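# Have a look at this fold, sequence not included:
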């Protein structure tokens, strides 16, 4: 059986992300915040919350780091599914994997630039024999 942890940002950040520990530049907002697109979440809900990069961050980078995940085994691979929106102006969205024995973050997915200004969905499968963060 697979267990899903759903992350919707309605009340706070969610189990996958350290509680309210947002890197500078990330804000929790909804489509009615007056901060420009997107004006709703991926379901078209204008009052639903999502995480967004503030416009002052155009020239630099900001990271979202998960809590520590446990090692996976043959039966339990970890699948991370997320909705994302990249505007015309913004740069690159990357997903990195950091295993606890390594100092470096390995890039495991990158947004290539098509399908801007719309909600997209992506699934990433992770296999790791040791604890890791994404």
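Now that the structure is in, tell me what you want to look at. Note that the coordinates shown come from a computational prediction; the quantities given were computed from them, not determined experimentally. Numbers count the residues shown, from 1 in each chain.
# Could you report the neighbour count for residue 6?
8 (other CB atoms under 10 Å). Backbone N, C-alpha and C define where each C-beta goes, glycine included.
# And for residue 95?
The tally of other residues near residue 95 (other CB under 10 Å) stands at 19.
# Local confidence estimate at it?
For residue 95, the pLDDT comes out at 94.
# what's near enough to touch the residue nearest to it when sequence neighbours are not counted?
The shortest distance from residue 95 to any non-neighbouring residue, by CB to CB, 6 or more residues apart in numbering, is to residue 109 (4.1 Å). With contact set as CB atoms under 8 Å, 6 or more residues apart in numbering, residue 109 has these partners: 94-95, 122, 124.
# Over to residue 14?
Shown in contact with residue 14 (CB under 8 Å, 6+ apart): 5-8.
# on that earlier part again, which of the contacts of residue 109 sits closest to residue 63?
Comparing the contacts of residue 109 against residue 63 with CB to CB places residue 94 closest, at 9.6 Å.
# From the contacts of residue 14, keep the buried residues only.
Buried residues within these, counting neighbours by 16 or more other CB atoms under 10 Å: residue 7.
# one step back: same list, the contacts of residue 109, but as TSV with secondary structure and distance to residue 15 please.
Shown next, in TSV, are those (DSSP: H, G, I helix; E, B strand; the rest coil; distance: CB to CB, whole Å):
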residue	secondary structure	distance to residue 15
94	strand	22
95	strand	18
122	strand	20
124	strand	17
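# low-confidence ranges in the chain?
Scanning the chain with the threshold set as pLDDT under 70 gives 1-3, 19-21, 57-59, 89-90.
# Let's see that with 80 instead.
Residues of the chain that meet the criterion pLDDT under 80 lie in 1-6, 12-16, 18-24, 55-60, 73-76, 88-91, 112-115.
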